[in-house]
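Novice: quick one: sequence plus predicted model below, questions after.
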Amino acid sequence: MIPVMRPWLGADEAAAAAEAVSSGWVAQGPRVAEFEEAFASATGAAHAVAVSSCTAALHLALVAAGIGPGDEVVVPSLSFIATANAARYAGAAPVFADVDETTQNLTPATVEPCLTRWTRAVILVDQAGVPADLDALRALCGHRGITVVEDAACAVGSVYRGRPAGAGAGLAAFSFHPRKLLTTGEGGMLVTSDESVAARLRRLREHGMDLSAAARHASRQPVTEHYLELGFNFRMTDIQAAIGLVQLRKLGALIARRRALAQRYQRLLARVPGIRTITDPAYGTTNYQSFWVLLPDGFPVSRDELLRRLAEAGVSARRGIMAAHLEPAYAGLAHRPLPVTELLTSRTLILPLFHDLTEAEQELVVSVLRAAAQHPAARDEARAAAGSS
Ligand SMILES: *Cc1c(COP(=O)(O)O)cnc(C)c1O
């Protein structure tokens, strides 16, 4: 089977992990600090705080923003479920907004109808790697005192108005799950422009302690730590950070290869009538974290039937981005129609895209879509013609 994603990991990552193990320091320590610094400089962020996952990062971002019970957090339903879950972990109510059909992201037009006097935050997702229009959202939210958190789980290395995605955000969260472009096995990163927020995030990820374990270890005097507020254990390990440091050096190559493969898909699929694909927004570039295609109204084959045909041909594709409001965990929690979300989640699929995908593999994927796009009658005629020749 051609997988939908395969991480680009090699001997260098294995050696870096082994070195961390041999050093005897495997929990959050010097390598995490080094990874944070390297990540901040690679993404143009002022401060980076490593955590155990992007889900944990989103949860911490809301806690740091003071979100709690009685508050509403506007989120897209069209996202991985962790986006909406983060609001509930903080004790707040997620409010589902619809998305733009081209970028699959929230916009001021989709968010504004959801704002109430209880709205305290909006989680803006850079869906599939396409950066959302942060400045436009900020213009809507800033003067209302609403915090904008950027869920950049998919967007490492995407570009928003000339800067890396997340660089301009008050709070942005990244994921290093292997389904994402850059991986540490599990892991996440929060970036922020505010030094005091960064200090609070470091404390919150480590049980609310006023002294990190690394700082206590380094001290020659006996020191007593204090617990200043309710915190969490959301630490990353030094083994993960060692892998992340190697992966980060490959980021430029990863993105260049992905964009070349995505452009090749776009050229090949341009000949399949009616199909629309993920593309760069007007104000930036995507890292093509997930290569989605949208089937047009009246496509001869349903999305799920197309997924079955791809599987038969040895291609592991996936349904498009999920819609949280359609899942049992969120039954009854959508308070307005979400027509674009429902269209996109039912008619999009995600094609395999990873660093060492071959051109032959891409052609196989496209050939299944091309065959499906032919009207059944045309296809039968083509088959008959092929059989009679
Ligand atoms: C993957 C993903 C997450 C969760 O990331 P983890 O690191 O697995 O917790 C959150 N939001 C979005 C949009 C994602 O794609």
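Specialist: Structure received.
Novice: use CA for all of it now, contacts and neighbours both
Specialist: Fine.
Novice: where does the closest residue to residue 292 other than its chain neighbours land in three-state SS?
Specialist: Nearest in space to residue 292, with sequence neighbours left out and distances taken as Cα to Cα, 6 or more residues apart in numbering, is residue 350 at 4.3 Å. State at residue 350, reduced to three classes by DSSP: H, G, I helix; E, B strand; the rest coil: strand.
Novice: what's across from residue 350 in the sheet?
Specialist: Taking DSSP bridges as the rule, residue 350 bridges to residue 292, residue 318.
Novice: tell me the contacts of it?
Specialist: For residue 350, the set of contacting residues under the criterion of Cα atoms under 8 Å, 6 or more residues apart in numbering consists of 4, 290-293, 317-320.
Novice: tabulate these (TSV), appending pLDDT, distance to the ligand and neighbour count.
Specialist: Shown next, in TSV, are those (pLDDT from 0 to 100; distance: Cα to the nearest ligand atom, whole Å; neighbours: other Cα atoms under 10 Å):
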residue	pLDDT	distance to the ligand	neighbour count
4	97	14	18
290	97	9	29
291	98	13	24
292	98	13	24
293	98	17	21
317	97	16	24
318	97	14	20
319	97	14	19
320	97	12	23
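Novice: and those residues, which is closest to residue 370?
Specialist: Proximity to residue 370 was ranked across the contacts of residue 350 by Cα to Cα; first place goes to residue 293, at 12.7 Å.
Novice: longest single strand anywhere in this protein?
Specialist: The residue-count maximum for a strand in the chain (DSSP state E) belongs to strand 119-125.
Novice: tell me the mean pLDDT over the helix ranked longest in the chain?
Specialist: The longest helix of the chain (DSSP state H) is helix 251-269. Averaging pLDDT along helix 251-269 gives 97.
Novice: how about that helix: buried residues?
Specialist: By 16 or more other Cα atoms under 10 Å, the buried positions in helix 251-269 come out as 251, 254-255, 257-259, 261-262, 265-266, 269.
Novice: nearest to residue 176, of the residues you listed?
Specialist: Checking the buried residues of helix 251-269 against residue 176 by Cα to Cα gives residue 251 as the nearest, at 12.3 Å.
Novice: picking that back up, now do the longest helix of the chain: distance to the chain's middle.
Specialist: On the basis of Cα atoms, centre = their mean, to the nearest Å, the separation between the geometric centre of helix 251-269 and that of its chain is 18 Å.
Novice: other SSEs contacting that helix?
Specialist: If contacts are counted by 3 or more Cα pairs under 8 Å, 6 or more residues apart in numbering; DSSP states H and E, helix 251-269 sits against helix 359-373.
Novice: the helix it packs on: how far from the chain's middle?
Specialist: The chain centroid and the centroid of helix 359-373 are separated by 26 Å under Cα atoms, centre = their mean.
Novice: related to what we said a few turns ago, contact partners of the longest helix of the chain?
Specialist: For helix 251-269, using Cα under 8 Å, 6+ apart, the contacting residues are 157, 181-182, 275, 277, 287-288, 291, 353-355, 362-363, 366, 370.
Novice: that one to helix 359-373, inter-axis angle?
Specialist: 40 degrees (axes from the mean of the first three to the mean of the last three Cα atoms, to 10 degrees).
Novice: helix or strand next in line after helix 251-269, which one?
Specialist: strand 276-277 (DSSP states H and E).
Novice: in its sheet, what does that following strand sit against?
Specialist: If you go by DSSP bridges, strand 276-277 pairs up with strand 291-294 (antiparallel).
Novice: what's the helix or strand following the partner strand packed up against?
Specialist: For strand 291-294, the succeeding helix or strand toward the C-terminus, using DSSP H and E, is helix 303-312. Using 3+ Cα pairs under 8 Å, 6+ apart as the contact criterion, the elements in contact with helix 303-312 are strand 318-319, strand 348-351, helix 359-373.
Novice: what ranges do the helices span in the stretch 151-300 of the chain?
Specialist: Listed in chain order, the helices found in the stretch 151-300 of the chain under DSSP state H, counting those that start in this stretch are 195-204, 213-218, 238-249, 251-269.
Novice: between those helices, which gets nearest to residue 68?
Specialist: Comparing these against residue 68 with Cα to Cα, the closest turns out to be helix 195-204 (15.1 Å).
Novice: coming back round to it: and the two most separated of the contacts of residue 350?
Specialist: When Cα to Cα is used, the two most widely separated members of the contacts of residue 350 are 4 and 293, lying 13.5 Å apart.
Novice: which residues touch residue 334?
Specialist: The contact partners of residue 334, taken as Cα under 8 Å, 6+ apart, are 95-96, 325.
Novice: make it 7 Å
Specialist: 96, 325 (Cα atoms under 7 Å, 6 or more residues apart in numbering).
Novice: tell me which two in the buried residues of helix 251-269 are the farthest apart.
Specialist: 251 and 269 (26.5 Å).
Novice: show me what residue of the stretch 101-250 of the chain gets nearest to the ligand.
Specialist: When distances are taken as Cα to the nearest ligand atom, the stretch 101-250 of the chain reaches nearest to the ligand at residue 175, 4.0 Å away.
Novice: contact partners for that residue?
Specialist: Residues counted as contacts of residue 175 (Cα under 7 Å, 6+ apart) are 53-54, 153-154, 187-189.
Novice: out of these, which touch the ligand?
Specialist: Taking Cα under 6 Å from any ligand atom, the overlap between the contacts of residue 175 and the neighbourhood of the ligand is 53-54, 153-154, 187-188.
Novice: now those residues as JSON lines including neighbour count, pLDDT and distance to residue 310?
Specialist: Listed next are those as JSON lines, based on neighbours: other Cα atoms under 10 Å; pLDDT from 0 to 100; distance: Cα to Cα, whole Å:
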{"residue": "53", "neighbour count": "25", "pLDDT": "98", "distance to residue 310": "31"}
{"residue": "54", "neighbour count": "28", "pLDDT": "98", "distance to residue 310": "30"}
{"residue": "153", "neighbour count": "31", "pLDDT": "98", "distance to residue 310": "27"}
{"residue": "154", "neighbour count": "30", "pLDDT": "98", "distance to residue 310": "24"}
{"residue": "187", "neighbour count": "26", "pLDDT": "98", "distance to residue 310": "31"}
{"residue": "188", "neighbour count": "25", "pLDDT": "98", "distance to residue 310": "32"}
